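Enquirer: Only the shape, not the letters, is given here:
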């Protein structure tokens, strides 16, 4: 519920000081997730405001002539397909920049690095999908951990994206082989 509310608040460009709008958003996602509204209190609103400020501050620092939020992507591989929603995508002539918000409550740098490695495959899948759909020279991905404001970045050139697509296909083939 919290992460969904944060993503939607960024997408709708809600001002972090607008506590009432953020409360409505949290309540909307709580209802959709069948979570009691009694579980939402002022501390949740304050936390959402803080996380939203971190995400908005990061985006405001970027020079983004063309950007979109919640961009759906799709990659077709020999043994399957991958789908996903990129939180924020910046499009340049020669490169894409993926921004993905993570609301994990991690404050230890070593734990954060470990979690970033866990999310790297998600970023790789997004990068492969973007490559298939637009052939950029480069894809950059930034994980923004909104609990701390820390970021972790990944970057891939065209040849790496081709190899990643092949590797992801091998993984899908292995998974499918185990379930057939």
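Expert: That came through, no problem. The structure presented is a predicted model; accordingly, all values stated were derived computationally and were not measured.
Enquirer: How far off centre is stretch 157-168?
Expert: Offset of stretch 157-168 from its chain centre (Cα atoms, centre = their mean, to the nearest Å): 20 Å.
Enquirer: what's in contact with that stretch?
Expert: Contacting residues not belonging to stretch 157-168 are listed as 75, 77, 82, 124-125, 127-128, 131-132, 135-139, 156 [Cβ atoms under 8 Å, 6 or more residues apart in numbering]. No exception for glycine: its C-beta is placed from N, CA and C like everyone else's.
Enquirer: Which ones among those residues lie within strands?
Expert: Taking DSSP state E as the definition of strands, the contacts of stretch 157-168 contribute 75, 77, 82, 138-139, 156.
Enquirer: can you tell me how far residue 37 sits from residue 159?
Expert: 51 Å (Cβ to Cβ, to the nearest Å).
Enquirer: Can you pick out the most distant pair from the ones in strands among the contacts of stretch 157-168?
Expert: Largest separation among these by Cβ to Cβ: 77 and 138, giving 21.1 Å.
Enquirer: for this structure, what are the low-confidence residue spans?
Expert: In the predicted model of the chain, residues 178-180 satisfy pLDDT under 70.
Enquirer: 50 instead?
Expert: Across the chain, nothing is flagged by pLDDT under 50.
Enquirer: for it, which helix is longest?
Expert: Longest helix of the chain, by residue count under DSSP state H: helix 109-134.
Enquirer: List the buried residues of that helix.
Expert: Neighbour-count burial for helix 109-134, with 16 or more other Cβ atoms under 10 Å as criterion, is recorded at 112, 115-116, 119, 122-132.
Enquirer: any idea what sits nearest residue 125, other than its immediate chain neighbours?
Expert: residue 82 (4.9 Å; Cβ to Cβ, 6 or more residues apart in numbering).
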